[in-house]
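*Asks:* show me how the following folds:
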Amino acid sequence: MEFILQVINQTLSFFEKSGYWGIFFLMALESTLVPIPSEIIIPPAAYLAYKGSLSLSGVILSGTLGSLAGSLFNYFMALRIGRPLVIYFIKKYGKFLLITEKAFYKVEDFWNNHGHISTFIGRLLPGFRHIISIPAGFAKMNLYLFSFFTILGAGIWCSFLAFCGYFFGKNEVLLKEYLQKGSYGFIVFCIILIVFYIKFKFKK
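*Replies:* Numbering: from 1, shown residues only. So this is what the prediction gives:
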C-alpha cells in the first residue's frame, strides 16, 4: 500500500507539471507493450480534475487519444514489420510446426469478419487491451474500423477510470474497491456481448 501511495503521489506530481500531454504520453505507452497499468494513470489525473487543476473531459479525451496513438503504433509495427516476418517464417519453417499459409490466411479472414467486435472487447479486458492491436495489424484490418472501435472501447474504459478517480480518488480503499468491481463488471459485460454476438451470427 505504501508503494502504491508513493506511485500515486509521484503520478499526481507528474500530471500537475505535464497536464494533458503527460496523460496522453503515458496512455500511449500503456497501449503499446510497456507495462504501465492505466489504473495508475487516469484515476490520479481525474482526482486533479476534482481538485480543479484539470478538467474531467480533458482527462478522458487525452487518455482516449493516447490509447489510440499507442494502439496505432502497435498496429503499424505488426502490419509493416510483424506480418512480413510471420509470413516468411511460415513459408520457411511452417511445415516443421504444422503451420501453413492457408491457416494464416484463415486467421486473417476471421479477423476481417470479426475484427471490429474483437478490437472493441479487447480494449475493455485487462491483459488484452495492450496487445489487441497486434493481430489487427497482422490481419490488415481496415484502419478506419480499427480506429473507431479502439476509440470506442478506450473511451469507455478511460471514462470509467476517470469517474472512479474523480469521485473516489481521495479515498484509496474505496477507489481500489470500485476499480476491482468495475473490472469484474467489464468482464461479465464482454462475456454477455460475445454470447449475443455469436447468437446473432448463427441466426444470420
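*Asks:* contacting residues for residue 184?
*Replies:* Applying Cβ atoms under 8 Å, 6 or more residues apart in numbering to residue 184 gives no contacts. C-beta: built from backbone N, CA, C; applies to glycine.
*Asks:* so, low pLDDT: which residues of this protein?
*Replies:* 1-12, 16, 87-99, 204 (pLDDT under 70).
*Asks:* again, 80 this time
*Replies:* 1-18, 33-35, 82-108, 110, 112, 127, 169, 201-204 (pLDDT under 80).
*Asks:* all helices of the chain, in order?
*Replies:* With helices called from DSSP state H, the chain shows them at 2-18, 20-31, 42-51, 56-77, 83-97, 101-124, 133-138, 143-168, 172-203.
*Asks:* how about the residue positioned nearest the centre of the chain: what's its closest non-neighbour residue?
*Replies:* The centroid of the chain falls nearest to residue 129 when counting by Cα atoms, centre = their mean (3.2 Å). Nearest residue to residue 129, sequence neighbours excluded (Cβ to Cβ, 6 or more residues apart in numbering): residue 123, at 5.0 Å.
*Asks:* how much space separates that neighbour from residue 175?
*Replies:* Separation of residue 123 from residue 175 (Cβ to Cβ, to the nearest Å): 22 Å.
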